[in-house]
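>>> Predicted coordinates and the sequence they were generated for:
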Amino acid sequence: MTQSMDIRGMEILGAPISEAEVEAELTALARRYGRAGGLVIDLLNQIGGQADSLLERLPRPVREGLESQTERALRLALDAATRSRSTMAGEPSWMTRALTTAMGAAGGFGGLPSALAELPVTTTVLLRAIQTIAEEHGFDTSEEAVKYDCITVFAVAGPLDGDDGADLAFLSTRIMVNGAALSGLIARIAPRLSVVLGQKLAAQTVPVLGAAAGAATNYAYTSYYQDMAHVHFGLRRLAINSDLSHDDLLARFKTKIRKTKINRTS
């Protein structure tokens, strides 16, 4: 769908894009989704384990407190990332990856205590990166519904879930989302995200390799969530530009993901 801006800054939509363009965009998004987790999986294999074995390296009190720590980090990140956008524009994707990589190295250098201290800062930078990508796709991150969607990107918790795209649902209309809705969403996402962040923390505690592992995992997870944000908001923009139901687009997207997986294993 062609689009332009009138003198009041409002988006004006033209004719919907063609079916061929919709199909091409869905294919590109499915490929991006399929590639996203590869770097993380390869990295965890090199460090020495998948999710379960990595998490077992953490002390029990840390494992038991991960969920509450993750929920707290998400709440702080939403507030900090949103406030920072009023004074500092979104940075390029490569700069975000460079920043989180440096923070991961610093967090891993001091072992578990410094890695825990780095966690909320990295979460904030990740959320800023997601917000920047939302803006690249034409969405206003000051809107409550878009804030909700930015947090929703974290629902695709990680490539080790065997996720087939079921968590990439998005709001079909820009409804009013209040603080209670955002709070409830954070509470629902925190348990899954805590597993991902637990993997990262465990990697940062690997003897000798802590700083290198912290840098590598931060780079990998930042790239992963940036890709997921492009998929998420790409689907939202495609629904607007094509004038098609978001449910229909999501169903077609999930079918493409499954076909991609079948082709890889055949």
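Noted; the coordinates are in hand.

>>> contacts and neighbour counts: CA atoms only from here.
Noted.

>>> what's next to the helix or strand hosting Gln131, contact-wise?
Element membership of Gln131, judged by DSSP states H and E, is helix 112-136. Helix 112-136 is contacted by residues 70, 73-74, 76-78, 80-82, 85, 90-91, 93, 96, 100, 103-104, 106-108, 140-141, 146-147, 150-151, 153, 197, 201, 204-205, 222, 225-226, 229-230, 233 when judged by C-alpha atoms under 8 Å, 6 or more residues apart in numbering.

>>> can you give me the strands in the stretch 1-150 of the chain?
Under the criterion DSSP state E, counting those that start in this stretch, strands of the stretch 1-150 of the chain are mapped to 3-5, 11-13.

>>> for the record, mean pLDDT for the first one?
Mean per-residue pLDDT for strand 3-5: 46.

>>> And the pLDDT for the nearest residue to Ile257 once chain neighbours are set aside?
Sequence neighbours aside, Ala30 is the residue nearest to Ile257 in space, at 5.7 Å (criterion: C-alpha to C-alpha, 6 or more residues apart in numbering). Looking at Ala30, its pLDDT reads 90.

>>> Gln131: how many residues sit nearby?
28 (other C-alpha atoms under 10 Å).

>>> Name the nearest residue to Val153, sequence neighbours excluded.
In this structure, Val153 finds its nearest non-sequential neighbour in Ala229, 6.0 Å apart by C-alpha to C-alpha, 6+ apart.

>>> Just to be sure, that neighbour is in a strand?
No: using DSSP: H, G, I helix; E, B strand; the rest coil, the secondary structure at Ala229 is helix, not a strand.

>>> Would you mind confirming that it is in contact with Thr152?
No: counting by C-alpha atoms under 8 Å, Ala229 stays clear of Thr152, with 9.3 Å between them.

>>> neighbour-wise, which of the two wins?
Per other C-alpha under 10 Å, whichever of Ala229 and Thr152 has more neighbours is Ala229, with 29 against 23.

>>> Could you pull up the residues touching Leu54?
48, 198-199, 202-203.

>>> just Glu71 next, same as before
With C-alpha under 8 Å, 6+ apart, Glu71 has these contacts: 186-187, 190.

>>> let's go with 6 Å and repeat that
Residues near Glu71 by C-alpha atoms under 6 Å, 6 or more residues apart in numbering: Ala190.

>>> burial count for Arg97?
22.

>>> swap in Ala15?
By the criterion of other C-alpha under 10 Å, Ala15 has 11 neighbours.

>>> repeat for Glu135
15.

>>> Could I get the buried residue list for stretch 61-70?
For stretch 61-70, the neighbour count (16 or more other C-alpha atoms under 10 Å) marks 63, 66-67, 69-70 as buried.

>>> For those residues, give me a markdown table that also has distance to Ala180 and pLDDT.
As requested, these are exported to a markdown table (distance: C-alpha to C-alpha, whole Å; pLDDT from 0 to 100):
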| residue | distance to Ala180 | pLDDT |
| --- | --- | --- |
| Arg63 | 27 | 89 |
| Leu66 | 22 | 91 |
| Glu67 | 19 | 92 |
| Gln69 | 19 | 91 |
| Thr70 | 18 | 92 |
